[in-house]
Structures are given as C-alpha cells and as structure tokens.
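> Would you be able to build a 3D model of this:
(one chain, ligands or ions: 2)
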Amino acid sequence: MHYFISPVLWQFLVNWLTHFALFPPEASSIAPYADALYFFLILISLVGMALVLALVTGFSILYRKERNPEATQIEGSTLLEATWTIIPLALFMVCFVWGALLYFRIYNPPTNAMNIYIVGKQWMWKAEHPGGQHEINALHVPLGRPVQLTMISQDVFHSYSIPAFRVKREVIPGRYTTVWFTATQPGTYHLFCTQYCGTLHSEMIGEVTVMKPEEYQAWTEGSTSGMSLAQNGERLFASLGCNACHSGNAGARGPNLAESYSTRVQLTSGSYAMVDDAFLRDSILNPTMHTTAGYAPIMPTYQGQISEEGLIDLVEYIKKLNTNYRVQQTLNTSQIQSPVQNQAQSPVATRVQQPAPAAPAGVKP
Ligand code: HEC
Ligand SMILES: [Cu+2]
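Ligands and ions are numbered 1, 2, ... in the order given. Sure thing, here's the model as predicted:
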C-alpha cells in the first residue's frame, strides 16, 4: 500500500491515525463531560439529517407525478405542527441546559485551585507561577490538582486553548479572565492561541506538561528564580512608593491593604465592591474608578508605569498579605532588607517599619 503514495504522506497518515490527531486525548477531568455533549450534538444532528433525508426521499416517491397528477390543497394540521415544534424545542433546551451546566463548571474554579498567571502577547504565552517560576510558551502543571489560570493580554485579543483538556478562554487586554482544569493524565499536550491575533498567530503555540506531583515539586524547586511573585510585588510596592500611603498605620493616607483580599469594601458611592484580582488591578491603574469610603481620591494613577507582570506581582503581594505564610515571608524579606528590624512585629507593622524608599520621580509622595 505505502509503495503507491509518498513516504511522507504515509508517515503522516500513520501518525495521524495512531495518534488520532482528529480527536485529542481526554486529559482533564472535564474532557469526558465535554465530549459527551459533543457526541450528543453529533448524534442528534445525524438523527435529524437521517430523518430529513428519509422524509424527502419517501415523499418524493410517494407523491411523484404519476401517482398524483392533480395537486391537492392540504390544510395545516395543528397536531403535526405542534409536534415538529415541541420535539426540536425540547432537544434544543436539553442542549442549552446541558451546555450551560458544563459552561459554569468549566468557568467556575473550585476554591482549592492553585493559581497560575498567564500573560499573552504578540506572539507568545508567558506563564508565571506564584513561586516565581517563569515559562514561555510552556506550562507545567501537577497531575490531579485543580489549576486555575488567571490570564490577561498585553496587547490584542488572544485565546488560550488546550484541546486535550477541552478548555479555552479569551485572553483580553485590560481584564483578567480565568479558566481551570484538573489534568488526569501525565504527558505533554498542545497549547494554542485560537484567536487570530496577527502575522505570527500560528506560531503562538506551546506545550503543556502534566507531571506527577513529586516530579512537579522537583520542577518547581529546580526552576525557581528565588523570588516568589509576592516577594517581587513587595519590592515593587516599596520601590513605587505605595507604602508611603498604604503603610497600614492609623494616620495613613491610604487604606490598609492587609486582609483586604476577598472582602467587600465600601466605596464613597455607598455601594460595595469585592476585592478581587480585577479590583486590585483597577485600583492601581485607575484609582478614581472606585474610591474607598473614608478616603480622599488622592492616589495617583500608575497607568503606563507598571508592566502586566508587575501588576500581577503587586496583586499577588496584596492577595498574600492576609495569610500566615505570607506574614512569615514578609518578615523574612524585610529582615533581608534591614536585619535590625524587630521580628515580633505584626505583618502590618512590619510593612510600616520598612525603610521608606525614595519615591521615584513622577510619584507624588
Ligand atoms: C498618594 C498616596 C497613595 C499612593 C502613593 C498609593 N495609594 Fe493606593 N490608595 C490611596 C488612597 C487614598 C486610596 C483610597 C481611595 C481610592 O480608592 O482611590 C487608595 C486605594 C488603593 C487600593 C484599593 C483599596 C481598598 O480599599 O482595597 C489599592 C489596591 C491600592 N490603593 C494599591 C496601591 C498600590 C499598589 C500603590 C503603588 C503602586 C498605591 N496604592 C499607591 C493612596 C495612595
Ligand atoms: Cu494570539
């Protein structure tokens, strides 16, 4: 057989069939559920098509001209019309409800998910792990653990897609979007940008590696940059002069940010806002967008002064300001920066006691 076609084509066909390239492996916990819906859609499409074909063929034989030379006027049948309205409607409703349930499942991460940040740009994917590991066009995740991706674009619309996990989500400039999955099979899988984003869009691809927990642990330790995102954020917080106002002490001009994440904060308008990643990012870039009740709108905007990665560091720092682990880290880093500091301080007080950095030019003290 393979003497008749080119070896390259043969190779391609064999690979295609053995790896079933038309149909990616089911490598996440959600994949079988997504596939079930997919096959259901194919099934009802096939049934619908068969029905229409059978009726068209049947009727054209049954009512052909020799048998029916004279056209007869047929008045409508309510029963028939109701039937062909209600049955498809019921089928579509099944698809709708099924799809909606699946949608909510895919886009609502469980609370115990570990978070990885993704920054998309023309034309690469950057991944940032909380421990400070950075990757380009690659993503390492542990097996069997829910992973949430918090994603943002640095330029245009992109879309982060891992077909083997059956997840994909738009990656948008100026806004965090999330998606989550639990990988169920070790291996490497394709990562694509599935939103046309310019000349080299087709090269905006990468590899997702699913590792057993202990291998993942080794990988995290092996590829750490020595500084976690939160630690980077802490430095940035100081070097940008944020702690001049957000010092945490009573007379501070800005609100205390410790323990603020995941709480509801009252705004001057009287309404409440949830302090989440998006809120933090907006507060930094666009402080007048929502002003915290009890404070004057004196915070300068940092638009154009902090990279997307820097914003992630800051968000991660403010996020972690409420965990005991973070308290420890804060103490450790502040000790490195100024060994004379008293370790018995609370995290807020520790931040207060940090040597006030020279405010960079352009930032009002
Ligand atoms: C000049 C003083 C000042 C500086 C400098 C400053 N802020 Fe603020 N910040 C404020 C004030 C005042 C508010 C409350 C009013 C408002 O929301 O605009 C605030 C609000 C915030 C909020 C929302 C607060 C909440 O209630 O949860 C965040 C987050 C924040 N700042 C982060 C930062 C970061 C990060 C920096 C450094 C990049 C920074 N701020 C620099 C004064 C400042
Ligand atoms: Cu893209």
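
> What helix or strand is residue 139 located in?
strand 138-142 (DSSP states H and E).

> got it, and residue 300?
Using DSSP H and E, residue 300 sits in no helix or strand.

> one step back: list the helices and strands the next helix or strand after the strand holding residue 139 packs on?
Remark: after strand 138-142, the chain's next helix or strand is strand 146-153, criterion DSSP H and E. The elements that strand 146-153 packs onto, with contact taken as 3 or more C-beta pairs under 8 Å, 6 or more residues apart in numbering; DSSP states H and E, are strand 114-121, strand 167-171, strand 177-182, helix 308-320. Bear in mind the C-beta positions are built from the backbone N, C-alpha and C, glycine included.

> re the thing from before, contact partners of the strand holding residue 139?
Contacts to strand 138-142, defined as C-beta atoms under 8 Å, 6 or more residues apart in numbering, come from residues 114, 116, 118, 125, 127, 133, 147, 183, 191, 206-213, 216-217, 219.

> Relative to ligand 1, which of the helices and strands packed on strand 146-153 is closest?
Nearest of the helices and strands packed on strand 146-153 to ligand 1, taken as C-beta to the nearest ligand atom: helix 308-320 at 4.8 Å.

> about what we covered before: can you select the buried ones among the contacts of strand 138-142 for me in PyMOL?
Command for PyMOL that selects the buried part of the contacts of strand 138-142, burial taken from 16 or more other C-beta atoms under 10 Å:
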select buried, resi 116+118+125+127+133+147+183+191+206+208+209+210+211+216+219
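
> out of the contacts of strand 138-142, who's near ligand 2?
On the criterion C-beta under 5 Å from the ion, none of the entries of those sits beside ligand 2.

> hang on, the earlier thing: pairing partners for the strand holding residue 139, with directions?
strand 206-211 (parallel) (DSSP bridges).

> what pLDDT, on average, does the next helix-or-strand element following the strand it pairs with get?
Next helix or strand after strand 206-211 toward the C-terminus (DSSP H and E): helix 213-222. The average pLDDT within helix 213-222 is 89.

> Could you tell me how far helix 213-222 lies from the centre of the chain?
Its chain's C-alpha centre and that of helix 213-222 lie 22 Å apart, by C-alpha atoms, centre = their mean, to the nearest Å.

> go on, stretch 264-282?
On C-alpha atoms, centre = their mean, the centre of stretch 264-282 falls 21 Å from that of its chain.

> That one close to ligand 1?
Yes: for stretch 264-282, a contact with ligand 1 is found by C-beta under 6 Å from any ligand atom, at 265, 275, 280.

> Just the buried ones from the residues you listed?
Buried members of those, scored by 16+ other C-beta under 10 Å, are 275, 280.

> with the residues of stretch 264-282 next to ligand 1 in mind, which one is nearest to ligand 2?
residue 280 (25.2 Å; C-beta to the ion).

> for the closest one, phi and psi?
The phi/psi pair for residue 280 (degrees, to the nearest 10) reads phi -60, psi -50.

> Return the residues in contact with it.
The contact partners of residue 280, by C-beta under 8 Å, 6+ apart, come to 261, 314, 315, 318, 319.

> mind listing what the closest residue to residue 129 other than its chain neighbours touches?
Of all residues beyond its chain neighbours, the one nearest residue 129 is residue 116 (5.5 Å), with distances taken as C-beta to C-beta, 6 or more residues apart in numbering. For residue 116, the contacting residues are 127, 128, 129, 130, 139, 141, 147, 148, 149, 150, by C-beta under 8 Å, 6+ apart.

> How about residue 277?
150, 176, 315, 319.

> if we go to 6 Å?
150, 176, 315 (C-beta atoms under 6 Å, 6 or more residues apart in numbering).

> By neighbour count, which of those residues wins?
Tallying neighbours with other C-beta atoms under 10 Å puts residue 315 at the head of those, with 25 neighbours.

> Relative to residue 103, how far out is it?
As judged by C-beta to C-beta, to the nearest Å, residue 315 and residue 103 stand 26 Å apart.

> and the residue positioned nearest the centre of the chain, bridged to which residues?
Central residue of the chain (C-alpha atoms, centre = their mean): residue 178, 2.7 Å from the mean position. Counting by DSSP bridges, residue 178 forms beta bridges with residue 150.

> Good, wrapping up.
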